[in-house]
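Enquirer: sequence and computational prediction follow.
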Amino acid sequence: MRRLLVVLSLVLATLLLAAYPDKPITFIIQAAPGGASDMVSRTITAIAQEILKVPINCTNITGAAGAIAMKRLQTSKPDGYTMGYVPVELSMVKALGYADFGPEDFDLLMRIMVIPAALTVRADSPWKTAQEFIEYVKTRPGTVTVGNSGPGSIWHIAALSLEKAAGIKLVHVPFDGAAPAVAALLGGHITAVTVSPTEVKAGVESGQLRILAVMSDERTPLFPDVPTMKELGYDVSIAAWGGLALPKGVDPEVYKILADAFKKAYDSETFQKFLLDRGMTPAYLDGQKFKEFAVAQYNMFMELIPKALGK
């Protein structure tokens with residue numbers, strides 16, 4: 001009798017797996033609509049749902065540098081019907097004191113891209129170069145406002161790193177994502193932002209914004225005339241990255257179905273063009289390599305963040 005039950009259980013599991021996926025998948029995004037995380041997530045899921053033949057419904061959950069959304073993902077049922085976008089903050093939130101988890105508490109699916117920070121101001125501002133901006137801030141310490149995508153977010157760390165390298169003092173203004181920060185800059189409510197080139201691209205192209213420098217080792221292909229902070233003599237290189245993750249404990253066969261589908265979506269001409277058009281560097285890593293990378297980043301930030309925040 002026991003053997004029969006075991007056999008029936010295996011048959012049932014096989015039948016259920018053969019049907020996967022047979023209902024919509026929920027995809028959690030940790031930032032506000034309009035930012036890089038949101039755009040990447042909605043673009044790749046739109047392609048993947050055509051491959052998987054089920055809807056993938058995106059939902060934005062903001063707050064605590066992405067920790068609230070990632071906690072929701074971590075504690076979701078590991079049945080393959082909940083997944084999400086994980087940014088660089090996955091490796092940061094524990095050091096920030098926002099969460100009690102790290103990369104090893106998820107089944108990481110793949111890394112998708114990397115993207116640098118960009119110091120950006122309004123086009124009608126008096127600063128044409130990063131050096132002019134820095135010299136201005138030096139004469140008015142603690143008065144120039146710089147927006148970021150949340151306390152302790154990678155774009156906040158970017159501004160803190162700029163402060164340290166340039167010997168200046170900024171006023172850091174947090175928002176629930178980069179898009180609201182850029183909107184505040186466009187509206188003249190803050191002086192600058194340190195977000196990605198992607199998130200200020202529309203403003204630059206419309207003539208409303210100006211990128212003064214990017215915080216990467218090399219210039220961004222999106223704006224090749226913009227210098228790096230390193231070129232200007234400031235040792236600042238801060239980049240965000242993003243990938244896909246599942247709650248820990250997903251069935252290996254379900255994991256493989258999702259990994260294969262999203263790799264096809266990643267490789268598609270549509271998605272590759274999307275990344276390049278927005279200045280994001282395609283940077284695929286499979287689940288295992290992504291985990292190794294994210295854990296290495298976690299170890300780095302566990303040391304860096306307390307120093308950056310003066311903890």
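Expert: Yes, it's here. Numbers count the residues shown, from 1 in each chain.
Enquirer: which residues in the stretch 101-250 of the chain form strands?
Expert: Ranges of strands within the stretch 101-250 of the chain are 106-122, 145-148, 171-174, 192-195, 209-215, 239-247, based on DSSP state E, counting those that start in this stretch.
Enquirer: nearest to Gly84, out of those?
Expert: Checking the strands of the stretch 101-250 of the chain against Gly84 by C-beta to C-beta gives strand 239-247 as the closest, at 6.0 Å. Where C-beta positions appear, they are placed from N, C-alpha and C, glycine not excepted.
Enquirer: so how far is that closest one from its chain's centroid?
Expert: Here strand 239-247 is found 7 Å from its chain centre; the criterion is C-alpha atoms, centre = their mean, to the nearest Å.
Enquirer: and for stretch 114-133?
Expert: Going by C-alpha atoms, centre = their mean, the spacing between the C-alpha centre of stretch 114-133 and its chain's C-alpha centre is 21 Å.
Enquirer: end to end, how far does it reach?
Expert: 26 Å (C-alpha to C-alpha, to the nearest Å).
Enquirer: cool, stretch 207-221 as well?
Expert: Terminal residues of stretch 207-221 are spaced 19 Å apart (C-alpha to C-alpha).
Enquirer: who's in contact with it?
Expert: 116-123, 125, 127-130, 133, 158, 161-162, 182, 185-186, 194, 197, 200, 203-204, 223, 226-232, 236-239, 276, 279 (C-beta atoms under 8 Å, 6 or more residues apart in numbering).
Enquirer: from Gln74, how far out is the closest residue in space to Pro306 that isn't next to it in sequence?
Expert: In space, Pro306 comes closest to Ala95 once its chain neighbours are excluded; the distance is 6.6 Å by C-beta to C-beta, 6 or more residues apart in numbering. Going from Ala95 to Gln74 by C-beta to C-beta, to the nearest Å gives 17 Å.
Enquirer: same check on Ser216?
Expert: Relative to Gln74, Ser216 is positioned 30 Å away (criterion: C-beta to C-beta).
Enquirer: now do Trp241
Expert: Separation of Trp241 from Gln74 (C-beta to C-beta) stands at 19 Å.
Enquirer: compare the two (neighbour count), which wins?
Expert: Neighbours were counted for Trp241 and for Gln74 using other C-beta atoms under 10 Å; Trp241 has more, 23 against 19.
Enquirer: number of nearby residues for the residue nearest to that one when sequence neighbours are not counted?
Expert: Leaving aside its chain neighbours, Trp241 sits nearest to Val114 (4.5 Å; criterion: C-beta to C-beta, 6+ apart). Close neighbours of Val114, defined as other C-beta under 10 Å, add up to 15.
Enquirer: quick check, Val114 in contact with Leu275.
Expert: No: at 10.1 Å, Val114 does not count as touching Leu275 under the criterion of C-beta atoms under 8 Å.
Enquirer: quick check: neighbours shared by these two?
Expert: Taking C-beta under 8 Å, 6+ apart as the contact rule, the neighbours common to Val114 and Leu275 are Thr281.
Enquirer: the stretch 1-150 of the chain: helices as residue ranges?
Expert: Under the criterion DSSP state H, counting those that start in this stretch, the stretch 1-150 of the chain contains helices at 2-19, 36-52, 67-74, 93-96, 130-139.
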